[in-house]
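> What follows is a predicted structure for the sequence shown.
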Amino acid sequence: MQKEEIWQTRENIAKTFGLASQSYDVSARLQRFSGKHLMPWLPKKSDLTVLDLGSGTGFFTDLLASNYQQVIGLDISTNMLRFAKSKRNENILWIEADAHKIPLADESVDLIYSNLVIQWFDPLNVAINEILRVLKPGGLIIFTTLIDGTLHELKSSWKQVDNDQHVIDFKTVDEMNALFNTGQSKLLEQKCQDIILEYQNVIHLARELKGLGANHLPNKKNRGLSGKDKWFKMTEFYQDFLEPSGIYPATYRLFSGLVVKLNN
Ligand SMILES: C[S@@+](CC[C@H](N)C(=O)[O-])C[C@H]1O[C@@H](n2cnc3c(N)ncnc32)[C@H](O)[C@@H]1O
């Protein structure tokens, strides 16, 4: 992707999430689950500087602020930050910035927490270099992300209708390992699990993805609304996945990682 295209893409991501900021906390069932299951990996020491990368509405930033001395919430979306500032612990420092260019000093942070954000980073290795730059040697990254296999039902239903990209490209487990197991960092622990959420119909699923700001597609050729006919056809193919109870399942393949920055 050209530099200009990358910036446009990031601006679109910020806008999409911004529009979702008001509805996000009610529709974020997956986020709540994934963010909470990272808790056992959090260090017990309290005198730490912690960065919540892609802090969204600040739900987990608030939890971190009750455990750690200094907590920073960083997000690219103005509206998400506005919402977070109005609702959360007033000691939190909020920064509007892009994770690919973090406005913090080298080796200034002890711990980076990031829940369901890094799947939006592109190129991911640039963001990881930034993360490792601001992290102190021996510092930890505790994160979740979605990986390949996520929304496979939706992907395969659309595939039978057209060749447009309707679901973002997710990294594989091997790619995650290659990105974090380098001379600079090591993936100490990892977990991969399928979370299957249930929907009354495909419109319910589409609404939740929209509510989460997850409807942004960087490489989508046809940016307009898919025609009603196409949408209808897709929902027909989706019925192949219907559960006996008439519920529509959607798979989210969740990858959780505990990474240490090596002392070089
Ligand atoms: C799915 S939400 C997760 C929010 C929060 N971590 C939570 O668990 O509730 C993803 C967040 O990442 C932010 N984001 C996406 N790309 C970003 C980037 N390049 N830099 C900083 N934040 C970004 C979005 O604005 C959004 O608030």
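Thanks, I have it.
> measure residue 144 to residue 161 for me?
Using Cβ to Cβ, to the nearest Å, one gets 31 Å for the distance from residue 144 to residue 161. Placement of C-beta: from N, CA and C, glycine included.
> Those two: which has the busier surroundings?
Taking neighbours as other Cβ atoms under 10 Å, residue 144 and residue 161 compare with residue 144 leading, 24 against 19.
> Would you enumerate the residues in contact with the more buried one?
34-35, 37-38, 114-116, 254-257 (Cβ atoms under 8 Å, 6 or more residues apart in numbering).
> Filter those residues down to the ones in strands?
114-115, 254-257 (DSSP state E).
> still on that earlier bit, kindly indicate which of the contacts of residue 144 lies nearest the ligand.
Nearest to the ligand among the contacts of residue 144 is residue 115, at 3.6 Å by Cβ to the nearest ligand atom.
> what about the closest one, how many residues close to it?
So residue 115, with other Cβ under 10 Å, has 28 neighbours.
> That one and residue 35 touch, don't they?
Yes. The pair residue 115 / residue 35 is scored as a contact, 4.1 Å apart, by Cβ atoms under 8 Å.
> Tell me the secondary structure at residue 144.
Following DSSP: H, G, I helix; E, B strand; the rest coil, we place residue 144 in the strand state.
> How many neighbouring residues does the nearest residue to it once chain neighbours are set aside have?
Leaving out its chain neighbours, the residue that sits closest to residue 144 by Cβ to Cβ, 6 or more residues apart in numbering is residue 34, at 4.3 Å. By other Cβ under 10 Å, 23 other residues sit near residue 34.
> cool, and the one 10 residues further on?
Using other Cβ under 10 Å, residue 44 is surrounded by 5 other residues.
> Would you agree it falls within a helix?
No. Read with three-state DSSP, residue 44 is coil and lies in no helix.
> roughly how far is the host helix or strand of residue 157 from the heart of the chain?
Assigned by DSSP states H and E, residue 157 belongs to helix 152-159. Mean-position distance between helix 152-159 and its chain equals 20 Å (Cα atoms, centre = their mean, to the nearest Å).
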